[in-house]
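Q: coordinates only, sequence not included:
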């Protein structure tokens, strides 16, 4: 009876996500994606890139895709969304990627936010980027990833200073 309980506990606590697919399979899937969406990839206007990222996410959400294709669709969507300047869409693609695959979502989100933050110019853009960092800090704290939480909180603080805004009360601050 005890063995059955242990087996059931192990089964219920298993991570339902798949490992990251083989690099060669992902590369082949990425090549196919670029062939299918060839015309969309030639458009470089931010609005066109965001539209392409949305198409890729929609395709990536379909359950009939194999793992390498789904991974390539969502990873490419995140990259294209960033190139189009849509940080929240890139974060959505990362969330979908992390829901299906064993990836470090905190690390991917930190990199995405850092890329997006390079292009902020106005105080409102800085506030929006700081809000993204604070959301990441909250997520990281909930996942016991204190390193990412501290880095995200520090980045939020730096952006808030540039925007001449104080961070909202009760938010985590960096310990540096």
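A: Now that the structure is in, tell me what you want to look at. Source: prediction; values computed, not measured. Numbering: from 1, shown residues only.
Q: domains for this protein, by residue range?
A: 22-102, 104-176 (automatic domain parsing).
Q: buried set for stretch 149-169?
A: 149-160, 163, 167 (16 or more other C-beta atoms under 10 Å). C-beta here means a position set from N, CA and C on the backbone, and glycine is covered the same way.
Q: I meant stretch 43-57, not that one.
A: Result for stretch 43-57 [16+ other C-beta under 10 Å]: buried residues 49, 50, 51, 52, 53, 54, 55, 56, 57.
Q: and it, how far from the chain's centre?
A: 16 Å (C-alpha atoms, centre = their mean, to the nearest Å).
Q: Contacts for it, please.
A: Stretch 43-57 is contacted by residues 33, 37, 40-41, 73-74, 76-78, 80-81, 83-86, 89-90, 92-93, 96 when judged by C-beta atoms under 8 Å, 6 or more residues apart in numbering.
Q: Separate out the buried members of those.
A: Of the contacts of stretch 43-57, these count as buried by 16+ other C-beta under 10 Å: 33, 37, 40-41, 73-74, 76-78, 80-81, 83-86, 89-90, 92-93, 96.
Q: So what touches the host helix or strand of residue 41?
A: For residue 41, the host element (DSSP states H and E) is helix 38-42. For helix 38-42, the external contacting residues (C-beta under 8 Å, 6+ apart) are 34, 48, 51, 52, 55.
Q: Give the helix, strand or coil label for the second one.
A: Meaning residue 48. helix (DSSP: H, G, I helix; E, B strand; the rest coil).
Q: if you go through the chain in chain order, where are the helices?
A: Along the chain, counting by DSSP state H, helices occupy 2-13, 23-36, 38-42, 46-60, 67-83, 87-100, 105-117, 123-142, 146-162.
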